[in-house]
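>>> Return a 3D structure for these sequence lines:
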Amino acid sequence: MATVMSPFAHVREAMMQKQYSVFINAGALVVLPAQMSIQEKQDVQHSLLFAQLAATKRYPLTSEYGEWYSIWQQVLKDTWLQQSVTWDKFTPQPGASVAPVDCLVEQLGNGLQSHEVAECSAILQYIAGLPSTDPVVGFLRERVQRREEPGDEEVAAIDQFHFLVVVAQPGLRLNAAYLMLSASAGDTGNPFARVFNADNVAGVIEQRFFQADLVTALHKPVRAALGKRLEPFAELIREVPGAAAL
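The predicted model follows:
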């Protein structure tokens with residue numbers, strides 16, 4: 001009798017073999033290849049966390065996501081040199097077959113090779129497949145989703161989402177895809193699962209891509225101080241257990 005493999009079996013295998021590690025860093029999903037050094041991984045995590053904290057302090061997650069992203073990117077540029085940036089905004093046509101998550105994958109293709117993009121797509125599917133009761137999902141939901149109750153001219157509540165997916169590369173390079181969208185209000189389930197369905201989207205989708213390389217000469221002098229400053233926020237960086245939910 002043939003063995004039926006889980007659609008996420010290769011993701012679990014890659015995680016267990018430590019080809020890469022996947023982390024939740026505040027509200028970002030971060031993918032770190034095994035080839036990166038410990039110092040490189042720390043530089044990525046600390047840079048991303050500090051930029052998010054700075055952006056959230058200036059623009060709390062109850063405010064406009066676009067303004068939040070601008071501050072996030074601006075803070076990163078203090079020690080990271082921008083290599084590439086793209087921005088797009090569009091309204092999906094009725095009956096569109098492209099799910100919002102496909103936009104994230106497409107944006108990552110601006111900086112990654114095809115096989116790397118395929119792995120990232122599998123990771124997003126894996127995250128979307130986690131049950132709503134999983135601690136990872138609850139942690140993410142608080143940071144990527146907010147409910148907007150109907151106003152005078154609105155007839156129903158909507159959910160606002162913003163997704164930040166960062167894939168690092170040895171060297172040290174960041175490839176960051178960012179997606180903002182609205183969807184019809186639903187339950188408090190897995191936010192990534194919600195946007196795998198194009199039917200849920202209501203209105204405009206904004207997508208952005210940012211690629212940058214670490215400038216060691218700028219980062220090294222502040223590395224120790226940055227690490228010390230982020231110690232109270234260490235619990236905001238959590239590894240996603242690759243085999244736990246499969």
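
>>> which ones are touching residue 219?
43, 47, 79, 80 (C-beta atoms under 8 Å, 6 or more residues apart in numbering). Using the backbone N, CA and C atoms, a C-beta is placed for each residue, glycine as well.

>>> Now with 7 Å, please.
By C-beta atoms under 7 Å, 6 or more residues apart in numbering, the contact list for residue 219 reads 43, 79.

>>> Same question for residue 240.
With C-beta under 7 Å, 6+ apart, residue 240 has these contacts: 22, 23, 24, 136.

>>> Let me see the ranges of the helices in the protein.
In the chain, the helices defined using DSSP state H lie at 9-16, 38-58, 65-76, 100-108, 114-128, 135-144, 191-194, 216-230.

>>> what's the angle between the longest one and helix 216-230?
Right, helix 38-58. 60 degrees (axes from the mean of the first three to the mean of the last three C-alpha atoms, to 10 degrees).

>>> what's helix 38-58 in contact with?
23, 25-28, 30, 32, 68, 71-72, 75-76, 79-80, 166, 168, 170, 172, 174, 214, 219, 226-227, 230, 233, 236-237.

>>> Tell me which residues are up against stretch 210-217.
Contacts of stretch 210-217 (C-beta under 7 Å, 6+ apart): 43, 73, 76, 79-85, 111, 171-176.

>>> Whichever of those end up buried, select them in ChimeraX.
Filtering the contacts of stretch 210-217 down to the buried ones (16 or more other C-beta atoms under 10 Å) takes a single ChimeraX command:
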select :43,73,76,79,80,111,172,173,174,175,176
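
>>> In strands, which of the contacts of stretch 210-217 appear?
When DSSP state E defines the strands, the subset of these inside them is 80, 81, 82, 83, 84, 85, 173, 174, 175, 176.

>>> Kindly reformat the residues you listed as CSV containing distance to residue 38.
Formatted as CSV, the ones in strands among the contacts of stretch 210-217 follow (distance: C-beta to C-beta, whole Å):
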residue, distance to residue 38
80, 19
81, 22
82, 26
83, 24
84, 27
85, 29
173, 17
174, 17
175, 20
176, 21
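
>>> quick one on the thing from earlier: just the buried ones among the contacts of helix 38-58, please.
23, 25-28, 30, 32, 68, 71-72, 75-76, 79-80, 166, 168, 172, 174, 214, 219, 226, 230, 236-237.
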